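>>> here is the input, now give the coordinates:
(one chain, ligands or ions: 2)
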Amino acid sequence: MTVPKQAQSRSWTDNLRDLRAQLPYLPQALRLVWAAARHWTIVWAVLLLVQGVLPVATVYLTKAVVDSLVGALGGGPDWAAIQPTLLLVGLMAVVLLLSEILRSLTTWVRTAQSELVQDYINGLIHEKAVSLDLAFYETPEYYDQMHRARVDAMGRPVALLENTGSLVQNGITLVAMAAVLIPYGLWLPALLVVSTLPALYVVVRYTVRFHRWRLRRTMAVRRTRYYDWILTLRAAAAELRLFALGDHFRSAFQQLRQRLRSERIALARDQALAELAAGGLGLLAMGGAMGWMAWQAVQGLVTLGDVALFYQAFSQGQRMMRTLLSSIGEMYRNILFLENLFEFLALEPQIVDPPQPLSHGHQPPHALRLQDVTFRYPGSERPALADFNLVIPAGQIVALVGANGAGKSTVVKLVCRFYDPDAGRILLDGIDLRDQPLTWLRRQVTILFQEPVHYHTTAARNIALGDLAVAPELDAIVIAARAAGADAPIQRLPQGYETVLGKWFGGAELSGGEWQRVALARAFLRQAPIVILDEPTSAMDSWAEADWLARFRQLVAGRTALIITHRFTTAMVADIIHVMEEGRIVESGSHESLLKTDGRYAQSWHQQMQGVDHPAGVSLFDEAAL
Ligand code: ADP
Ligand code: MG
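Residues are numbered from 1 along each chain as shown. Ligands and ions are numbered 1, 2, ... in the order given. The predicted structure follows:
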């Protein structure tokens, strides 16, 4: 058995305290539904009220039919005597028909409501997801939280609404049924309530257990999704086949699923047994009450119609009570899950606008300066940058070279304020980045990221995404593509710039290098005063790199540029070259002065230049070279 320890040792007061903390999520969820689908919700509420009262009408009509039938038959078959009975039967038919109509109507209304609410919540989650710091992606807890919000909590507000609806509707019916029973004895409604208490206990207890289990297993569930993803998605398809990893991941998936499954089944089995016991008690109460009523009838204290009414009212009452309880259980469970959703929505980014942003007098080109910057990635021991100093003068081209993992891309992330440094400052024209408006700051920079996104849309749009704010014309797109060397490969596509890229929506696939050029075009499209290129030529072996580099100086004239690269020939275009090693700068200077210094840079240069015909393809600071 896999019952969590803490679930057993928790007292009722603990649970009650939790409940008090969780209950506010109910109005919060209902407000959310109200905001998403106001009109539908009103219609839905009216439907519920009517549907709540209808069963009582049925019960009363049953009694009337039986009594009037007994009366009519007492005097032998007589058309005139039977007529009122027929009228009642007709009325009954109308009521039944009405309930059917209302039921169908409710289904329709609920679907509309649920669609609206889901999209609304999706909107909230997406809004939150894009506003959070990159640091959130560093911890598995974030993925757990995101998973719970997206997958587990998504449908909850609607479910909660349904529970509430069912609660209200059944509550109305129940109260009415109890009222029907009162004339036969006050203790009958009381018995009705008491006989369902064991079921209430079972419901609450297993709801809590189930929820705790889900929380504990979020990571495991996400892992099954990860295996599922590896096994089915294209990104992994080639390696999966070549290294024959299918069986490996399949069995990993199966093993994990088997564990989760058996835990889940054990939980369900225990719950079923407990429910059975609770149901037995309910039946016992029902039997007792019926026996008593039959005894009354035998004594002539009540009519046959009364017995029929009593049976219906009591058994329906019990059923209502049960439904009510399961609504409460469901409701509770949904509230527990909503906690996850609201927790996620309550996350706040740390990297935000300063309370009083300093206005910026400076005109571009901007100067950048990193001053004694130390930075560790969240959850990481080793600093990615340690007492790091770098000056990028306004309007100049600076190159940063160094081995993999030296910290080059980290510099880029700090300059855009994806993260803030642990110590030290980053200054733009002498003002700390943290004192400047965030959106303004990010608009000052355009970047070719080391691993750019492949957008599955047309080639033109792939480039246009670099600056949607200016709604770029095709001319501007083509100019950016030419500057990036992306024009030729795009022209070769079946529909040129209108070709959809990527396979998701039936487009053309590009090579890694071609994708890179498209991304470079996207970066160029944005006319930002600071240009940062992270390994721009890494995937461009066959391309006339030298040609492109010759134009690069012209391309960024009047702007501040930072190039991160492995290659000599790329670095050579820079005004100043900085050599990075383990989060620090170890050498700086122009290409010529660095060669004269005869340090790290010069050594690699000489090593690599020996016997090389095409320096354009030479890579500096490969692991092999160091
Ligand atoms: P590169 O010079 O190759 O661009 P990076 O700046 O990407 O190097 O990485 C510098 C160091 O920081 C590396 O040791 C890398 O392992 C580590 N690192 C990079 N990204 C993360 C991250 N998101 N979380 C933790 N460590 C990271
Ligand atoms: Mg990098």
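>>> and the nearest residue to residue 132 once chain neighbours are set aside, how many neighbours?
Among residues not flanking residue 132 along the chain, residue 349 sits closest, at 5.2 Å (CB to CB, 6 or more residues apart in numbering). Just so you know, the C-beta spots here come from the backbone N, C-alpha and C atoms, and that holds for glycine as well. Neighbour count of residue 349, defined by other CB atoms under 10 Å: 13.
>>> please identify which helix or strand holds the residue of the chain found nearest ligand 2.
Closest contact between the chain and ligand 2, by CB to the ion, is at residue 409 (3.2 Å). Using DSSP states H and E, residue 409 maps to helix 408-415.
>>> now do the contacts for the residue nearest the centre of the chain.
The centroid of the chain falls nearest to residue 150 when counting by CA atoms, centre = their mean (3.3 Å). Residue 150 makes contacts with residue 125, as judged by CB atoms under 8 Å, 6 or more residues apart in numbering.
>>> and the helices in the stretch 351-500 of the chain?
Counting by DSSP state H, counting those that start in this stretch, the stretch 351-500 of the chain has helices at residues 408-415, 438-443, 459-464, 474-484, 487-491.
>>> what's the answer for the stretch 101-250 of the chain, then?
140-147, 156-181, 187-194, 197-216, 218-232, 234-242, 246-298.
>>> pick the most buried one from those.
Among the helices of the stretch 101-250 of the chain, helix 156-181 has the highest mean neighbour count (mean count of other CB atoms under 10 Å), at a mean of 21.
>>> and that helix, what other elements does it pack with?
Helices and strands touching helix 156-181, as assessed by 3 or more CB pairs under 8 Å, 6 or more residues apart in numbering; DSSP states H and E, comprise helix 25-36, helix 38-74, helix 79-131, helix 187-194, helix 304-345.
>>> about what we covered before: mind checking how far the residue nearest to the centre of the chain is from residue 477?
Taking CB to CB, to the nearest Å as the measure, residue 150 and residue 477 are separated by 34 Å.
>>> try residue 243
Residue 243 is 40 Å from residue 477, by CB to CB.
>>> so how many other residues sit close to the residue nearest to residue 99 when sequence neighbours are not counted?
For residue 99, ignoring the flanking residues on the chain, the nearest one in space by CB to CB, 6+ apart is residue 54 at 5.1 Å. Residues near residue 54, counting by other CB under 10 Å, number 19.
>>> can you check residue 437 too?
So residue 437, with other CB under 10 Å, has 14 neighbours.
>>> now the closest residue to it other than its chain neighbours. Its backbone dihedrals?
Once flanking residues are discounted, residue 437 sits nearest to residue 357: 4.3 Å by CB to CB, 6+ apart. Main-chain dihedrals, residue 357, degrees, to the nearest 10: phi -60, psi 140.
>>> show me where pLDDT drops low in the protein?
Scanning the chain for pLDDT under 70 picks out 1-12, 15, 75-77, 538-544, 546-547, 608-626.
>>> which residues of it lie near ligand 2?
408-409, 450 (CB under 5 Å from the ion).
>>> out of residue 243 and residue 477, which sits in the more crowded spot?
Between residue 243 and residue 477, residue 477 has the larger neighbour count (other CB under 10 Å), namely 24 against 9.
>>> how about the contacts made by residue 106?
44, 47-48, 51 are the contacts of residue 106 under CB under 8 Å, 6+ apart.
>>> for residue 143, which non-adjacent residue is closest in space?
Closest to residue 143 by CB to CB, 6+ apart is residue 222, at 6.2 Å.
>>> any idea how far that neighbour lies from ligand 1?
19 Å (CB to the nearest ligand atom, to the nearest Å).
>>> that residue touches residue 147, doesn't it?
Yes: using CB atoms under 8 Å, residue 222 is in contact with residue 147, at 5.3 Å.
>>> which residues are common contacts for the two?
Counting by CB under 8 Å, 6+ apart, residue 222 and residue 147 have no shared contacts at all.
>>> right, and ligand 1 sits closest to which residue of the stretch 151-300 of the chain?
Ligand 1 sits closest to residue 226 of the stretch 151-300 of the chain, with a gap of 18.0 Å, by CB to the nearest ligand atom.
>>> how close does that residue sit to residue 126?
Distance from residue 226 to residue 126, by CB to CB: 22 Å.
>>> again, but for residue 138
For residue 138, the distance to residue 126 (CB to CB) stands at 20 Å.
>>> what's the burial count for residue 39?
By the criterion of other CB under 10 Å, residue 39 has 11 neighbours.
>>> now the residue in the stretch 1-150 of the chain positioned nearest to ligand 1, nearest residue through space, not along the chain?
Minimum separation of the stretch 1-150 of the chain from ligand 1 (CB to the nearest ligand atom) falls at residue 138, amounting to 5.4 Å. Distances taken as CB to CB, 6+ apart place residue 378 nearest to residue 138, at 4.4 Å, with adjacent residues excluded.
>>> hmm, the residue of the stretch 1-150 of the chain closest to ligand 1 is touching residue 376, no?
No: using CB under 8 Å, residue 138 makes no contact with residue 376, being 10.6 Å away.
>>> of these two, which one has the most company?
Applying other CB under 10 Å to residue 138 and residue 376 shows that residue 376 carries more neighbours, namely 18 against 14.
>>> in space, what's closest to the more buried one - neighbours in sequence excluded?
Residue 376 sits nearest to residue 383 (CB to CB, 6+ apart), 4.9 Å away.
>>> ok, residue 223 next?
Closest residue to residue 223 apart from its sequence neighbours, by CB to CB, 6+ apart: residue 256 at 6.0 Å.
>>> let me see the contact set for the one you found.
220, 223-224, 227.
>>> OK, contacts around the residue of the chain closest to ligand 2?
Going by CB under 8 Å, 6+ apart, residue 409 touches 450, 534, 564.
>>> count of neighbours near the last one?
I take that to be residue 564. Neighbours of residue 564 using other CB under 10 Å come to 25.
>>> then the first one?
Summarising burial for residue 450: neighbours were counted as other CB under 10 Å, giving 16.
>>> tell me how many other residues crowd the closest residue in space to it that isn't next to it in sequence.
Using CB to CB, 6+ apart and skipping residues adjacent in sequence, the residue nearest residue 450 is residue 534, 4.1 Å away. Residues lying near residue 534 (other CB under 10 Å) number 22.
>>> so which residues on the stretch 251-400 of the chain come close to ligand 1?
377, 380, 384 (CB under 6 Å from any ligand atom).
>>> pull out the buried members of those residues.
Buried by 16 or more other CB atoms under 10 Å: residue 384, out of those.
>>> distance to residue 21 for the residues of the stretch 251-400 of the chain next to ligand 1 - can I get that in JSON lines?
JSON lines is the format used below for these (distance: CB to CB, whole Å):
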{"residue": "377", "distance to residue 21": "33"}
{"residue": "380", "distance to residue 21": "34"}
{"residue": "384", "distance to residue 21": "39"}
